[in-house]
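J.: output the structure for:
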Amino acid sequence: MVRRGLAYAADTILLGLVYIVFTEALDAAFGPLAVVSPEGDRLIATEAQPLRVAFTLAVILVIDAAYFAGSWALAGATPFQRLARIEVRPVEGPVAAVGESVVRLETGDALRRWAVMALLPLCAGLLGSSAALPLEPVAAFDAAWTLGLLVTVLLDGRRRGVHDRIAGSIVVARSAGAA
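T.: Numbers count the residues shown, from 1 in each chain. Got it, this is the predicted structure:
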């Protein structure tokens, strides 16, 4: 359970850095979407730029889905899950023997798993960082969403969260011989 949480945190931090670089590049090219208030307590939208917010959201969603769902469908694990020696597999179906290649999620299942985990928090986070929504409720929503997923993992005897049950997946220790 700890390895799973640490791997997810590391994957999220890596992608967060990518998103910061991406949005800073957009800010440098087009100006910021929001600035900090003079009191330093909130973000203020600089001007309405709905097309830029939509473009930014679309790019971030594609990158995030490609990273997570793509990793699960192509390699059975994200880079940090591989380091943690865990993998995401279909809960039913063939099981790879030691030395065989990993049994991977179908692309649709991987996308469903990712969507339950990340779609709403990513959308809310971008709307908060662009000052379209207040940051405090966005942060509270993101924290509650993550906590809710964690609780569903902890309450399941096989450690399958709601995202795993919807996708038909399970997170397991990676076998020593898995590629």
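J.: contacts only, for the spatially most central residue of the chain.
T.: Centroid-nearest residue in the chain: Ala118, 4.5 Å away (criterion: CA atoms, centre = their mean). Contacts for Ala118 (CB atoms under 8 Å, 6 or more residues apart in numbering) come out as 64-65, 68. Heads up, the C-betas are built off the backbone N, CA and C, glycines and all.
J.: again, 10 Å this time
T.: In this structure, Ala118 makes contact with 12, 15, 60-61, 64-65, 67-69, 125, 145-146, 149, 163, judged by CB atoms under 10 Å, 6 or more residues apart in numbering.
J.: over to Asp156?
T.: Asp156 makes contacts with 162, 164-165, 170, as judged by CB under 10 Å, 6+ apart.
J.: which of those residues has the most neighbours?
T.: Among these, the one with the most neighbours (other CB atoms under 10 Å) is Asp164, at 23 neighbours.
J.: same for the helix or strand of the chain with the lowest mean pLDDT, what does it pack against?
T.: In the chain, no helix or strand scores lower on mean pLDDT, DSSP states H and E than strand 43-45, which sits at a mean of 77. Other helices and strands packing on strand 43-45, by 3 or more CB pairs under 10 Å, 6 or more residues apart in numbering; DSSP states H and E, are strand 34-36.
J.: that concludes my questions; thank you for your assistance.
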